[in-house]
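> turn this into a model:
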Amino acid sequence: MTALERLAHWAAGVQLEEVPAAVREHAVHQLLSTVGALYSGFSSELGPGLEQAFPPPAPGPGCTLPRGTPAPPVHAALVMATFTMVLDFDDVLLGGHTGHSSVLVPLAFAATGRYSGADLMLAQIVANEVAARVNMVCAVGATRGQMATHLHLLGAAAALAKLDGLDRATFAAALGFALSYPAEALFPAFLGSDAKALAAAWPIRMGCEAVAAVRAGLRAPADILDDRRGFFARAAQVPVREFLGGLGERWHTATNSYKLYPACGYLASALEATLALVGEHAFQAEEVVAVVVEASIFTVGMDAHSAPYLAGPRSPIAALTFSTPFVIASALLAGEFGPAQLERSWIEQSRLWELAARVRSRHAVDLTVDALTGDIPLGAALRRTKRRQAAAFGAKLAVKAFGRAAYGRRLGETLRLAARLAVAAGVRDPPDFATATKPLGARVAITLADGRVLRSEVAIPRGFAGAQEPDESGRGVRELMREKLLAAASPLLGRERAAEMASMLESIERLGPAELGRLCAVGSVDDRPSSKPQSCHGGHDG
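Next up is the predicted model:
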């Protein structure tokens with residue numbers, strides 16, 4: 001069998017009782033997180049425009065939350081995916097940001113009366129496992145994160161193929177057809193415009209329509225992954241094929257990291273460190289002379305990519321969620337960072353941009369080595385390359401982060417990084433997800449006008465793989481994700497209905513078809529109240 005056929009063979013046959021309880025628990029966390037992101041995006045400044053831009057072509061058996069609009073399920077999934085992408089409030093597992101498709105395609109079918117909650121959960125998990133494996137083969141390559149939009153071609157096709165009960169051959173054909181035209185995300189659209197909202201939405205439609213195509217008898221490419229001019233040849237600098245294995249044994253779903261803040265995950269540690277200082281020390285934002293955020297090359301590269309698209313108060317949200325100066329300055333001023341800090345009334349404050357001008361990120365080689373040799377986001381793949389390949393990849397990351405002009409001035413720093421990665425490479429053992437971690441650490445130093453320098457460091461932020469659970473407040477991931485959903489949905493639905501919806505999602509595995517219809521009714525809102533969702537963490541506790 002081809003690689004695609006092996007994936008489809010497993011996906012078509014696996015049953016929910018074969019999925020470990022811990023993996024199903026993560027599926028619930030991912031569901032709560034994604035629906036929380038959905039309500040936050042719906043309430044954002046882009047929500048009305050997205051809703052208006054994509055009206056349903058006709059009433060259908062699906063349901064577009066939060067509005068509750070009857071729509072064809074595929075269209076409902078597309079619209080909901082625009083909301084979940086807007087504020088960068090998604091989750092990410094070892095293999096990418098799969099939730100936009102793996103969660104929302106099954107959820108869009110909840111109101112049809114055709115499936116149970118267990119059916120939806122199994123489709124979600126299957127989509128995670130298929131899409132993440134293919135993406136991890138390509139982890140040592142040029143496209144990562146939310147810009148790896150091919151994830152959702154596979155995630156949507158796999159989720160719908162599982163819901164429809166396709167046989168193994170047709171399942172494989174659906175995946176092949178879905179991956180036939182993997183689009184490339186472009187930085188001007190992704191960071192410089194509102195088109196980022198479509199990063200998962202367009203692929204979701206294509207992935208679902210691929211299922212319809214093969215069911216209608218259209219022939220799919222026989223080996224879209226491994227053909228010498230196929231997907232792996234195009235997308236992977238060094239294909240790491242070990243990730244195609246372990247089906248039913250290693251579960252990417254269980255490696256998920258969950259965001260507590262609507263911002264790029266590369267900022268989560270810096271945010272937690274900053275908010276810890278705000279909570280522990282008495283000072284005003286006006287007293288801040290300078291802020292230095294030491295972080296990995298991922299954070300420094302994120303700033304380099306977003307900086308050209310920042311335009312002060314007129315900046316697009318897509319660039320703001322990728323900007324260390326904006327996010328950290330907002331956290332210092334507000335004592336928190338939530339959806340309210342991505343409203344235009346907040347963004348337009350002159351004092352915010354005055355403070356942002358005093359914030360800068362600085363590369364720390366040791367934090368980059370920690371990030372690239374930990375399992376997630378791509379260390380598990382990088383360690384399985386040859387030493388010269390690992391070193392070359394580190395050098396390429398440096399060029400992207402520092403720019404070609406600065407690269408020459410920082411050659412020594414780059415060589416040290418490449419050497420450290422080379423030493424860590426060459427692992428031959430199969431990947432082990434049991435103790436997977438995501439060490440995207442940061443050190444924050446705030447210099448005040450009175451001469452004090454306040455310092456804080458976070459190695460793994462709350463909610464991320466490998467973080468302490470429960471946290472210092474006694475809350476685990478389940479509690480944090482429930483709070484995230486309630487904070488986003490309560491201003492729209494009221495606290496009681498939002499809590500009812502959260503409880504139903506937490507017990508989704510036990511819901512029957514009729515109860516799933518009730519879920520859509522509970523989660524629907526007719527009119528937007530003027531109040532805005534609050535942050536999911538409250539106050540200065542970080």
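> what is the neighbour count of the residue nearest to residue 334 when sequence neighbours are not counted?
If the residues on either side of it in the chain are set aside, residue 334 comes closest to residue 341, at 5.8 Å by Cβ to Cβ, 6 or more residues apart in numbering. Every C-beta, even on glycine, is put in place using the N, C-alpha and C of the backbone. By other Cβ atoms under 10 Å, the residues close to residue 341 number 24.
> helix, strand or coil for the residue of the chain positioned farthest from its centre?
Relative to the centre of the chain, the most outlying C-alpha is that of residue 450, 39.8 Å out, by Cα atoms, centre = their mean. Secondary structure assignment for residue 450 (DSSP: H, G, I helix; E, B strand; the rest coil): coil.
> dump the residue contacts of it.
By Cβ atoms under 8 Å, 6 or more residues apart in numbering, the residues touching residue 450 are residue 287.
> mind running it again at 10 Å?
Residue 450 makes contacts with 283, 287, 289, as judged by Cβ atoms under 10 Å, 6 or more residues apart in numbering.
> TSV for these, including secondary structure, distance to residue 349 and neighbour count?
Listed next are the contacts of residue 450 as TSV, based on DSSP: H, G, I helix; E, B strand; the rest coil; distance: Cβ to Cβ, whole Å; neighbours: other Cβ atoms under 10 Å:
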residue	secondary structure	distance to residue 349	neighbour count
283	coil	19	16
287	helix	17	14
289	strand	19	13
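> would you map the strands across the protein?
62-64, 69-71, 288-295, 359-363, 442-448, 453-458 (DSSP state E).
> other SSEs contacting the longest one?
For strand 288-295, the packing partners by 3 or more Cβ pairs under 10 Å, 6 or more residues apart in numbering; DSSP states H and E come out as helix 268-280, helix 297-306, helix 324-334, helix 350-356, strand 359-363, helix 365-373, strand 442-448, strand 453-458.
> could you find the closest non-adjacent residue to residue 318?
Distances taken as Cβ to Cβ, 6+ apart place residue 196 nearest to residue 318, at 4.1 Å, with adjacent residues excluded.
> give me the pLDDT for that neighbour.
Confidence at residue 196, expressed as pLDDT, is 97.
> neighbours of it, how many?
25.
> do residue 138 as well
27.
> how near is it to residue 52?
In this view, residue 138 and residue 52 are 36 Å apart by Cβ to Cβ, to the nearest Å.
> distance of the nearest residue to residue 243 once chain neighbours are set aside from residue 239?
With sequence-adjacent residues excluded and distances taken as Cβ to Cβ, 6+ apart, residue 243 is closest to residue 136, at 3.8 Å. Residue 136 sits 10 Å away from residue 239, going by Cβ to Cβ.
> now do residue 450
55 Å.
> equivalent analysis for residue 521, please.
As defined by Cβ to Cβ, residue 521 lies at a distance of 46 Å from residue 239.
> quick one: which of the two has more around it?
Looking at residue 521 and residue 239 with other Cβ under 10 Å, you find the greater number of neighbours at residue 239, namely 21 against 12.
> could you pull up the contacting residues of the more buried one?
137, 138, 139, 140, 141, 225, 226, 231, 232, 233, 381, 385.
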